[in-house]
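Q: below: sequence and its predicted model.
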Amino acid sequence: MTSSPVLAAGGVVVRQRGRGREVLVVHRPSYDDWSLPKGKLDRGEDLPAAALREVHEETGVHARLGAHLGAIDYRDRKGRPKRVHWWAMSPTDIESREPDREVDEVAWLPIDKAQRRLTYRTDRATLATALEDRTSLLILRHAHAGKRGTVDPDEDRPLSKKGKKQRKKLVTQLDGHRIDMIVTSPYTRCRQSVTKLAKARGLDVVVDERLAEETPLAQVLELVDELPAAALICSHGDVIGDLVSRLSAVAETPLDAGFDHLRWEKGATWWVTLAGHRPLAARYLPPPT
């Protein structure tokens, strides 16, 4: 009988330093190795939350999630199967941390030096993956906006009381995600859905007609091609339905936490890692409550 793997999660935290980039690595005295920060899930914890927590606990660095980098399978010291999910991350704040029995040294190293310092081939491969051209895309359906026909023209229909609550809670729900750009449909309900998130991140809201209702999928994909490494788009049920259905149809199988269902409720978000138009991972974030 095959036992379920021990689940763990970690991050490849990269920052810009002058003209180059540095990656965060840790030394573990009990193993006498250099590795990327990672650790096992706490009871009831999901993988992305565990990755952020472990990075902070081992390094003192607060970070945000970017693209999913896949999972590595191996056997731990007890001979148990273990699976580690990895995410690209960007630092937001750094706290001082005292050395302990788990991690006694934390270092920011240039990419080439980190590749030489890391003890394990799997960590070096994960770092190489983090440097590939992958994007983290958050696909948000606008928050609740009441019924059609209550406002004329419909493009001006604002968020309902429920939608305004969802808008506020979205800031917390997406706090752990890196977002470099927010792009929205010109419709009032979409623009209003992202105002608080944009303010919290210090970002301008970019309005793009290619996210309006009834936009052909080809134009939406054209927009996706123009986005930076981590972005959020806000649109309507028909546009998001076409986009998510297309991504599901061309997804590799099996996808890590993939398109096990196809739905896009108001206020919900699909978080997708892409290589071009090819999804590598997908996760559904239900409307915040």
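A: Cool, the structure landed.

Q: how far away is L47 from R28?
A: Look at L47 and R28: by Cβ to Cβ, to the nearest Å, they are 21 Å apart. C-beta coordinates here come from the backbone N, C-alpha and C atoms, glycine included.

Q: wait, isn't H177 in contact with L140?
A: No: H177 lies out of contact with L140 (Cβ atoms under 8 Å); the separation is 11.0 Å.

Q: which one of those two has more residues nearby?
A: L140 (27 against 19; other Cβ atoms under 10 Å).

Q: partners of the more buried one in the sheet?
A: On the basis of DSSP bridges, L140 is bridged to C234, T269.

Q: which residues does it contact?
A: Residues near L140 by Cβ atoms under 8 Å, 6 or more residues apart in numbering: L170, S193, V194, L232, I233, C234, S235, G267, A268, T269.

Q: can you show me the helices along the stretch 101-250 of the chain?
A: Ranges of helices in the stretch 101-250 of the chain, per DSSP state H, counting those that start in this stretch, are 111-117, 121-130, 161-173, 188-193, 195-201, 217-226, 237-250.

Q: now, of those, which is deepest in the fold?
A: Highest mean neighbour count of the helices of the stretch 101-250 of the chain: helix 188-193, a mean of 23 (counted as mean count of other Cβ atoms under 10 Å).

Q: and T273, how many neighbours does it have?
A: Per other Cβ under 10 Å, the neighbour tally for T273 reads 24.

Q: now for the helix or strand hosting it, which elements pack on it?
A: Element membership for T273, per DSSP states H and E: strand 269-275. When contacts are defined as 3 or more Cβ pairs under 8 Å, 6 or more residues apart in numbering; DSSP states H and E, strand 269-275 packs onto strand 61-75, strand 135-141, helix 237-250, strand 278-285.

Q: state the next helix or strand along the chain beyond the first one.
A: Right, strand 61-75. Downstream of strand 61-75, the next assigned helix or strand under DSSP H and E is strand 81-94.

Q: may I have the strands that pair with that next one, each with its orientation?
A: Assessed with DSSP bridges, strand 81-94 is paired to strand 6-17 (parallel), strand 61-75 (antiparallel).

Q: so where is the protein shaky, pLDDT-wise?
A: 1-2, 253-257 (pLDDT under 70).

Q: let's see it at 90
A: 1-5, 18-19, 74-80, 146-154, 249-263, 276-278, 289 (pLDDT under 90).

Q: circling back to that earlier point, out of the helices of the stretch 101-250 of the chain, which is closest to G10?
A: helix 121-130 (8.3 Å; Cβ to Cβ).

Q: of L47 and R28, who's got more company?
A: L47 (22 against 17).

Q: residues contacting that one?
A: L47 is in contact with L7, A9, L41, H85, A257, counting by Cβ under 8 Å, 6+ apart.

Q: cool, R83 as well?
A: R83 neighbours (Cβ under 8 Å, 6+ apart): P5, V6, L7, A8, A71, I72, D73.

Q: what's the neighbour count on the closest residue to it other than its chain neighbours?
A: Excluding its sequence neighbours, the residue lying closest to R83 (Cβ to Cβ, 6 or more residues apart in numbering) is P5, at 4.2 Å. Using other Cβ under 10 Å, P5 has 16 other residues around it.
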